[in-house]
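Asker: Structure here, sequence nowhere to be found:
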């Protein structure tokens, strides 16, 4: 399995686009030469008895032939590794979390209110600074596929159900959500989740 930082990260979020543009350092760390070139290599990362092949970025100086990584390259390399591990574990990637939140009509701040994790949680998830928990991952998936659960979470978080939220819930009409009674968490809602159903990120 190969996950390339370029294809998964640069198209996603403006902050990461800025990072990607700064990936090539202007001069060599060792000899100050400006004759440096960007390279990609495949590294094998052991994870839970498996070997993950992850694309990593580095720079090579043509003057002294030494290899080094810039700060921006280190950031993208860490992102690539984290997303590869999440892929192997069946979790949503940082890009998919961004897409899921957008599909649900939530800002990062409101997503944190609805799903928990702290005020800056979704900012960190979407920049791949940290990985979401299995429980968080499952809850996001449930809301994408079960509008009645999503509507209940919005209510319990004190988030007003707006037209944006209603439009995002494709399989439930505006009237059915507005007229539905709050679901008691003492009566578990029945649903099924396939932990391995990670591609594509589909809505029903």
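Answerer: Nice, thanks for sending it over. Note that this is a predicted model, so its numbers are computed, not measured. Residues are numbered from 1 along each chain as shown.

Asker: so is residue 44 in a helix, a strand, or just coil?
Answerer: Three-state call for residue 44 (DSSP: H, G, I helix; E, B strand; the rest coil): strand.

Asker: Between the two ends of stretch 62-79, how far is it?
Answerer: Its start and end residues considered, stretch 62-79 measures 27 Å (Cα to Cα, to the nearest Å).

Asker: which of the residues in that stretch are buried?
Answerer: 69, 70, 72, 73, 75, 76, 77, 79 (16 or more other Cβ atoms under 10 Å). Using the backbone N, CA and C atoms, a C-beta is placed for each residue, glycine as well.

Asker: packing partners for whichever strand or helix holds the fourth one?
Answerer: Just to be clear, that refers to residue 73. Assigned by DSSP states H and E, residue 73 belongs to helix 71-88. Under the contact definition 3 or more Cβ pairs under 8 Å, 6 or more residues apart in numbering; DSSP states H and E, helix 71-88 sits against strand 2-3, helix 5-9, helix 14-21, strand 36-47, strand 50-61, helix 94-103.

Asker: quick one: average confidence on stretch 100-113?
Answerer: Mean pLDDT, stretch 100-113: 94.

Asker: which residues touch that stretch?
Answerer: 92, 114, 118-123, 126, 140-141, 143-144, 150, 157-159, 162, 164-165, 167-168, 201, 203 (Cβ atoms under 8 Å, 6 or more residues apart in numbering).

Asker: Buried ones from the residues you listed, can you make that a ChimeraX selection?
Answerer: A single ChimeraX command selects the buried members of those (16+ other Cβ under 10 Å):
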select :92,114,121,122,123,126,140,141,143,144,150,159,165,168,201
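
Asker: angle of the helix holding residue 73 against strand 50-61?
Answerer: Angle of helix 71-88 versus strand 50-61, following axes from the mean of the first three to the mean of the last three Cα atoms, to 10 degrees, is 170 degrees.

Asker: Specify the angle between helix 71-88 and helix 94-103 in degrees.
Answerer: Counting by the same axes, to 10 degrees, helix 71-88 lies at 80 degrees to helix 94-103.

Asker: what's across from residue 43 in the sheet?
Answerer: On the basis of DSSP bridges, residue 43 is bridged to residue 54.

Asker: Wait, it touches residue 56, no?
Answerer: Yes: contact status for residue 43 versus residue 56: in contact at 5.0 Å, counting by Cβ atoms under 8 Å.

Asker: The two: who's more crowded?
Answerer: The residue with more neighbours, out of residue 43 and residue 56, is residue 56; 20 against 13, by other Cβ atoms under 10 Å.

Asker: from memory the more buried one sits against residue 77, does it?
Answerer: Yes: contact criterion Cβ under 8 Å: residue 56 and residue 77 qualify, at 4.8 Å.

Asker: Show me how the record splits this protein into domains.
Answerer: Following automatic domain parsing, the chain resolves into domains at 2-88, 94-179.

Asker: so how far is residue 102 from residue 45?
Answerer: Between residue 45 and residue 102 the distance is 29 Å, computed by Cβ to Cβ, to the nearest Å.

Asker: Please flag which of the contacts of stretch 100-113 sit within helices.
Answerer: Of the contacts of stretch 100-113, the ones assigned to helices by DSSP state H are 114, 121-123, 126, 140-141, 143-144, 150, 164-165, 167-168.
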